[in-house]
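In: sequence first, predicted model second:
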4 protein chains.
Amino acid sequence: MGEHSSLAEIVAAVYHDMAPHFGRGHVADYIPALARVNPKHFGLAVITCDGQTAAAGESETLFSIQSISKVFTLTMALEKLGGALWKRVGHEPSGSSFNSIVQLEQEKGIPRNPLINAGALAVTDALLAGGEPAALVADIVAFMRGLADDASIGIDPEVAESEGQTGFRNASLANFLRANNNLHSAVPDVLTAYFNQCALAMNCRQLARAGLFLAHAGVDPLTHARVTTPTRARRMNAIMMTCGHYDASGDVAFRVGLPGKSGVGGGILAIAPGKASIAVWSPGLNAAGNSLVGQMALERLAALTGWSVF
Amino acid sequence: MGEHSSLAEIVAAVYHDMAPHFGRGHVADYIPALARVNPKHFGLAVITCDGQTAAAGESETLFSIQSISKVFTLTMALEKLGGALWKRVGHEPSGSSFNSIVQLEQEKGIPRNPLINAGALAVTDALLAGGEPAALVADIVAFMRGLADDASIGIDPEVAESEGQTGFRNASLANFLRANNNLHSAVPDVLTAYFNQCALAMNCRQLARAGLFLAHAGVDPLTHARVTTPTRARRMNAIMMTCGHYDASGDVAFRVGLPGKSGVGGGILAIAPGKASIAVWSPGLNAAGNSLVGQMALERLAALTGWSVF
Amino acid sequence: MGEHSSLAEIVAAVYHDMAPHFGRGHVADYIPALARVNPKHFGLAVITCDGQTAAAGESETLFSIQSISKVFTLTMALEKLGGALWKRVGHEPSGSSFNSIVQLEQEKGIPRNPLINAGALAVTDALLAGGEPAALVADIVAFMRGLADDASIGIDPEVAESEGQTGFRNASLANFLRANNNLHSAVPDVLTAYFNQCALAMNCRQLARAGLFLAHAGVDPLTHARVTTPTRARRMNAIMMTCGHYDASGDVAFRVGLPGKSGVGGGILAIAPGKASIAVWSPGLNAAGNSLVGQMALERLAALTGWSVF
Amino acid sequence: MGEHSSLAEIVAAVYHDMAPHFGRGHVADYIPALARVNPKHFGLAVITCDGQTAAAGESETLFSIQSISKVFTLTMALEKLGGALWKRVGHEPSGSSFNSIVQLEQEKGIPRNPLINAGALAVTDALLAGGEPAALVADIVAFMRGLADDASIGIDPEVAESEGQTGFRNASLANFLRANNNLHSAVPDVLTAYFNQCALAMNCRQLARAGLFLAHAGVDPLTHARVTTPTRARRMNAIMMTCGHYDASGDVAFRVGLPGKSGVGGGILAIAPGKASIAVWSPGLNAAGNSLVGQMALERLAALTGWSVF
């Protein structure tokens, strides 16, 4: 962080600089429950490894974390399966859009990485392992509550239901994985679990808190609980850096310089290794499907703090 | 760096750990002059921002830097053209092999990034700008000599000539760029310049020294000469992280956690931002076309130093 | 037909020439009910526009017509929708394998032609139009019985069920079409109808008879019933010529020179326009998924009769 | 042919029906010498196997046959190499645009068929076989003069030169083939020969005459000279049917029902096996790169004559 500013001053400056842009971008319209969200929302929360926090805007308003959930189910799956998980999903950037089925065909049903939809479905299947979707969803909610130290976190049932009605592309991907023997539970069960994890409703404060272990070598710096190993935490950051923003991952690395993961609800979780966890939310998306103002805010925050890893 | 070890001790340990692997991988065989290289070579050199150096193995033996030259011509082109360069080449991972022409067709002649062959050809064309290839090659050599502070650096004419005879795939890419109006000089001139830059012969010590400005915000920490701006240096590191190892860039980020660029001659340049520049060389390549033992050495070095950015 | 031979003599000669090859190829193994079929079966039946018939081998043994059903549902859909059908499916060769989803993505959910799985699903959906699958299946069976003038034709329930269990790739395609608004009925209903049409059990004699209208400008030459218009009959032959054998359509045009459609059950329907309808069956498939001996038999038959359209 | 009309009456009727459309479509603009052609030209010539001829419009005006030359070099190459040619080029429809390099990469440098640019380059290379381009060009011209029985046929040097200046995409394809060891002569020599064959200037009368052997089992029905074998003639017709009109080959089969080959100069050669050879010319192209009015004229001609093979 620059020497002249406190974290609170920087967060306030980012908010100030972003204000003229509030409302820009296009709200995701393929899920009815998301399409109704006002694009003018903006929230930002930062928490450092030594426990400092700063927030601005609607940092307490719940939003649908959507694909950001992939980071957390990946954490769970790595703890459960260890390195064997990498036989079912790669860790290379995809070079194509987030729900592409083309690459999946060319690569015989092994998704390129766990942060695109096909890969996340394989991860969720690995967690489900033939069990009940409701039980897995309860586990995921419990895991998020623990990480965020906040028992109020839950799933927005309307969003989960809404995904179920319109998620034909995910159903296509899941059936494709199944056809390639890379999905072992029943397709509807995997989709149910997946649509629920995507429908997790959290606010920026909770989300930043939940991701803090990734900034601290896998250990929650405030509770000292070990969430994952240092190597895995580092590797998850690497995957977020190269694959976390769909086909704009290179651009985010280039502009922001922090590992992160975005969701079509307009949220982004970003990690400054050794320093802080950051959550930003603004519903309007850019052409690549990432929060337009959220990404700008991260670029500004990285510039003011000097937190870019590069 | 870990507290218990000096840089020299760590470099020695990496050498020791790699020794059983010397000779693994397959030497690039598509260029006759490279195919004759003994795969058992291994060299390693590290230079820190405060001027410490350490080396092991054949760190003084010249090798063909090949694609690593792309990092340096990109630096030159950014200084010459500024942000306008990004209209001619993107900065996204390609998700396919290093000399793929498929993506180039789908993206209408705009290469995905400057570290794949098609992108590097566009960068070289931007530098050439209709001029004489010999003059550009002289400029590149002068630039490298300046960066490495070593006037002995030159081009291996046999390798340059060897590229010229077998480089049909690059000729295909260059003509394709030209057909898409993204190459403005004469194709043979661009290829001549490109084959020469790839044929730069350097040793690990020189290469690590030449890259040091990338670890120090664009300024050579020893001479204080400004090579590029802090923002550009950071962005080049970002591009190396997401795109520097062909279709294994994600894997190198995952295992090593440092931005870097490999060449089919078996060299790799890696940057630890704020800390050091590293060059490793071992001619045997893995399936992705990167130095097999070189990448292992970097993984070990990153583990022992704690230099991973993640 | 050559001047020296009767149709019966030619059919006998083809049988004789094929006998040494019986059993070659690999029986489709992705549907359990098909995987059990003995590869040594061979049947052949020819019926001319003037009512001559000739047969050899197991021309009375029932087999699963599988993709050959696509020709008949296309006939039904063209009669129902007319040219509007071509807004939902193209009529170009696909240049890729029969169940590829890649092309479907690149072409925004409009399948390349009605003889690949994705296109046939769209055709079946057009016929279903939100109705009951059982009613459509009954219509299809009635249509086939009418064409073949044989009320015994039906569906093999075991095969239909078997498709239902293993048809994840078709489920993937159907969901993908749905995600692109090119499938309007419920996905499970479309799949039910589709798996049933594929499970039609017919013998060579019945199949040749059912296709005879395509050799006679859309009119059954024996009953004089108009099945479709002359233009549509001609166009269906054109589609069979360019698209009827998956990614080997060019090779079949090259070797046989007759429009046709193959199925993974080992059957092929071929049409000699103005002359005859031919059905051949041999369960072993070649690498392209077409009956190996069946295709050889057609090549021989075309050579002996001179029926190639070229 | 319908019973009520003479060939001359039908040709006149086609001309009459097309007249309102003259000038439609877009003249190819990537070759300067072609871009200057007036789109309103229209010529049509038909010659039957029994020597009848009929013509309309500018059937005596020379135009650049461009890709139609691929049919004739293929004939020459098949006579020279026989079936061995098919090791270097396939005979399947490409399912993509005429100068796509994507498929070439996926298929390891074996072009899908000899009627797309990549395939035609391989065919020309097979004819060149390391010899002098000028000698091959002379052979091609002599071959065309012999087929058309017209010693005045030659090459338009301005068009040949024009191709040479702008043919970067063909240069890209040729280098790509060379990189894959499927082009053995020097790239510039192959391109020189190829650009010259494309620049053959012929009129409709000459072109129809030159193709007549394809309608008569490989033998010129007027001179009784054997040009190729019956099997090869039939197979060339099959390839024209499935591959002759770039990515609209299926559509032409569907609408016209005759094998044919189009060129970007606006010409189309079509064959009615056993009946006639047809050449039509109108420079305006449709979106698929085929003569817009020329294709309409063929559709009308096929309808009036009943010559569709289907």
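Out: Structure received. Numbers count the residues shown, from 1 in each chain, chains lettered A, B, ... in the order given.
In: from now on I want contacts and neighbour counts done on CA atoms only, so please keep to that.
Out: Fine.
In: how long is stretch A:158-176 end to end?
Out: End-to-end span of stretch A:158-176 (Cα to Cα, to the nearest Å): 27 Å.
In: show me what counts as buried in that stretch.
Out: Neighbour counts using 16 or more other Cα atoms under 10 Å in any protein chain shown place A:159-164, A:167-176 of stretch A:158-176 among the buried residues.
In: now A:G257: how far from A:R300?
Out: Taken as Cα to Cα, the span from A:G257 to A:R300 is 11 Å.
In: one more: A:P20?
Out: 14 Å.
In: please apply the same query to A:F22.
Out: Taking Cα to Cα, one finds A:F22 at 15 Å from A:R300.
In: more crowded one of those two?
Out: A:R300 (21 against 18; other Cα atoms under 10 Å in any protein chain shown).
In: A:V227: neighbour count?
Out: By other Cα under 10 Å, the residues close to A:V227 number 20.
In: for A:D50, same thing?
Out: Using other Cα under 10 Å, A:D50 is surrounded by 12 other residues.
In: what's near enough to touch the nearest residue to it once chain neighbours are set aside?
Out: Spatial nearest neighbour of A:D50, chain neighbours left out: A:P221 (7.0 Å); criterion: Cα to Cα, 6 or more residues apart in numbering or on different chains. The contact partners of A:P221, by Cα atoms under 8 Å, 6 or more residues apart in numbering or on different chains, come to A:C49, A:D50, A:G51, A:L212, A:F213.
In: and A:P221, what element?
Out: If you go by DSSP states H and E, A:P221 is not part of any helix or strand.
In: and it, what's its pLDDT?
Out: Looking at A:P221, its pLDDT is 98.
In: mind checking the SS state of A:A28?
Out: State at A:A28, reduced to three classes by DSSP: H, G, I helix; E, B strand; the rest coil: coil.
In: is it in contact with A:G265, as I believe?
Out: Yes - with contact defined as Cα atoms under 8 Å, A:A28 counts as touching A:G265 (7.0 Å).
In: the two: who's more crowded?
Out: Of the pair A:A28 and A:G265, A:G265 is the one with more neighbours under other Cα under 10 Å, namely 30 against 24.
In: surely the more buried one is in a helix?
Out: No - the assignment for A:G265, made by three-state DSSP, is coil rather than a helix.
In: ok, now which ones touch it?
Out: Applying Cα under 8 Å, 6+ apart, we find A:G265 in contact with A:V27, A:A28, A:L34, A:F63, A:S64, A:I65, A:Q66, A:P283.
In: what parts of the stretch 151-300 of chain A come near chain C?
Out: Residues of the stretch 151-300 of chain A found near chain C (Cα under 8 Å from any Cα of the partner chain) are A:T166, A:G167, A:F168, A:R169, A:A171, A:S172, A:L173, A:A174, A:N175, A:F176, A:R178, A:A179.
In: quick one, strands of the stretch 51-200 of chain A?
Out: Under the criterion DSSP state E, counting those that start in this stretch, strands of the stretch 51-200 of chain A are mapped to A:53-57, A:63-64, A:154-155, A:200-202.
In: so what touches stretch A:223-239?
Out: Outside stretch A:223-239, the residues that reach it (Cα under 8 Å, 6+ apart) are A:71, A:75, A:78-79, A:91-92, A:113, A:213-215, A:217-220, A:259-260, A:271, B:250, B:253-255, B:257, B:310.
In: any stretches of the stretch 201-310 of chain A with poor pLDDT?
Out: By pLDDT under 70, the stretch 201-310 of chain A has no low-scoring segment.
In: which stretches in it count as helices?
Out: Counting by DSSP state H, counting those that start in this stretch, the stretch 201-310 of chain A has these helices, from start to end: A:204-210, A:230-243, A:249-255, A:292-305.
In: with just CA atoms, put the second one into CSV.
Out: Coordinates of each C-alpha in helix A:230-243 appear next as CSV, following Å, rounded to 0.1, in the frame of the first residue of the first chain:
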residue,chain,number,x,y,z
PRO,A,230,-0.2,-23.4,1.5
THR,A,231,0.6,-25.1,-1.8
ARG,A,232,-3.1,-25.5,-2.7
ALA,A,233,-3.9,-21.9,-1.7
ARG,A,234,-1.0,-20.7,-3.9
ARG,A,235,-2.2,-22.9,-6.8
MET,A,236,-5.8,-21.7,-6.5
ASN,A,237,-4.5,-18.1,-6.7
ALA,A,238,-2.6,-19.2,-9.8
ILE,A,239,-5.7,-20.6,-11.4
MET,A,240,-7.7,-17.5,-10.5
MET,A,241,-5.0,-15.4,-12.2
THR,A,242,-4.9,-17.3,-15.4
CYS,A,243,-8.6,-18.5,-15.6
